[in-house]
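In: coordinates only, sequence not included:
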Ligand code: A3P
């Protein structure tokens, strides 16, 4: 299992695999447009959820058709990925027939191609509390053949704290985007926990950021359409059509809740985590909830 998996290496101070750096020049030269919407996240923070939501929000008139036949990872391409089984994300994004184009990235903020800033495209960043994010990433790394093999949980826990994860340290990622947001009004920074707590309220915030005004009825339909159970059974949203994932190990849409870390962290790990967290996360304005 381990031998078939890619290895990580340091790339400009961030741990990466070749699947996300092989196309580096092309990706950096990507030509963004002013109406593009870039959905940025640390892996496992709710990327698919927000991609699905924005896709339905923008294309609600033709949603049924798109939803029935086009997987979410083709509707919202993953900009930096290049893999023999999949079309390059950059090529897919270039060819998107829609306007706006919805594009996803896991890049830390300093890796975002400059044209997104030059064009004043809008960026939606989704962050999830580190404990649940770590657990979700662990299960994902077990089932996703494009990711390095995670090893056992204890080892993975330490790696996460050390920032030795694909796309780098969670702490640097969420903090880097938060800092950027302070001076960049084109970034909407949202939290997975808020979406769980009140999906309708978060849709309202997204709509005002994006300048969209769906009817109350449309918003209600959207909020219920993007609930976990609906997305889990939708083969165009649950990644069951994706060739690089092994659903015998874990589903992609796994639990979809806040607080699953409690079933994974030992008491000692939780203490170690909290102690370490205080040292790394110094900005009091960036707050996460690990339960709701
Ligand atoms: P879990 O592994 O904790 O279940 P990403 O899309 O960034 O890879 O994130 C995947 C995580 O988001 C998974 O978390 C998945 O279950 C969760 N997720 C996806 N859609 C969701 C939804 N509609 N509601 C709640 N969680 C969702």
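Out: Cool, the structure landed. Fair warning: this is a prediction, and the values are worked out from it, not measured in the lab. Residues are numbered from 1 along each chain as shown.
In: How about the host helix or strand of residue 56 and the ligand, any contact?
Out: Per DSSP states H and E, residue 56 falls inside helix 47-58. Yes - under the criterion of Cβ under 6 Å from any ligand atom, helix 47-58 makes contact with the ligand via 47, 48, 49. The C-beta positions use only the backbone N, C-alpha and C, and glycine is treated the same way.
In: and which of the residues you listed is nearest to residue 183?
Out: Lowest distance from residue 183 to the residues of helix 47-58 next to the ligand (Cβ to Cβ) belongs to residue 47, with 24.0 Å.
In: what residues are up against that closest one?
Out: Applying Cβ atoms under 8 Å, 6 or more residues apart in numbering to residue 47 gives the contacts 39, 41, 104, 106, 126.
In: Please indicate which of those are buried?
Out: 39, 41, 104, 106, 126 (16 or more other Cβ atoms under 10 Å).
In: pLDDT at the last one, what is it?
Out: In this prediction, residue 126 carries a pLDDT score of 98.
In: Is it in a helix, a strand, or coil?
Out: Here residue 126 is strand, with the state taken from DSSP: H, G, I helix; E, B strand; the rest coil.
In: How much space separates residue 272 from the ligand?
Out: 21 Å (Cβ to the nearest ligand atom, to the nearest Å).
In: Just put the residues of helix 47-58 next to the ligand in CSV and tack on pLDDT.
Out: Shown next, in CSV, are the residues of helix 47-58 next to the ligand (pLDDT from 0 to 100):
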residue, pLDDT
47, 98
48, 98
49, 98
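In: Spit out the contact partners of the closest residue to residue 107 other than its chain neighbours.
Out: Using Cβ to Cβ, 6 or more residues apart in numbering and skipping the chain neighbours, the partner closest in space to residue 107 is residue 80 (6.3 Å). Going by Cβ under 8 Å, 6+ apart, residue 80 touches 20, 21, 23, 27, 89, 90, 105, 106, 107, 111.
In: Which strand or helix spans the fourth one?
Out: When elements are defined using DSSP H and E, residue 27 is found to belong to helix 24-28.
In: Name the residues of the stretch 1-150 of the chain found near the ligand, please.
Out: Checking the stretch 1-150 of the chain against the ligand by Cβ under 6 Å from any ligand atom, the hits are 41, 43, 44, 45, 46, 47, 48, 49, 132, 136, 139.
In: residues contacting the fifth one?
Out: By Cβ under 8 Å, 6+ apart, the residues touching residue 46 are 126, 128, 192, 195.
In: got it, and the fourth one?
Out: By Cβ under 8 Å, 6+ apart, the residues touching residue 45 are 126, 127, 128, 133, 192.
In: want to throw those residues into CSV with distance to residue 67?
Out: CSV is the format used below for the contacts of residue 45 (distance: Cβ to Cβ, whole Å):
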residue, distance to residue 67
126, 21
127, 26
128, 25
133, 27
192, 22
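In: and which of the contacts of residue 47 is nearest the ligand?
Out: When the contacts of residue 47 are compared for distance to the ligand (Cβ to the nearest ligand atom), residue 41 wins out at 5.3 Å.
In: residue contacts, that closest one?
Out: Contacts of residue 41 by Cβ under 8 Å, 6+ apart are 47, 50, 104, 106, 125, 126, 127, 128.
In: 6 Å - rerun?
Out: Neighbouring residues of residue 41 by Cβ atoms under 6 Å, 6 or more residues apart in numbering: 47, 126.
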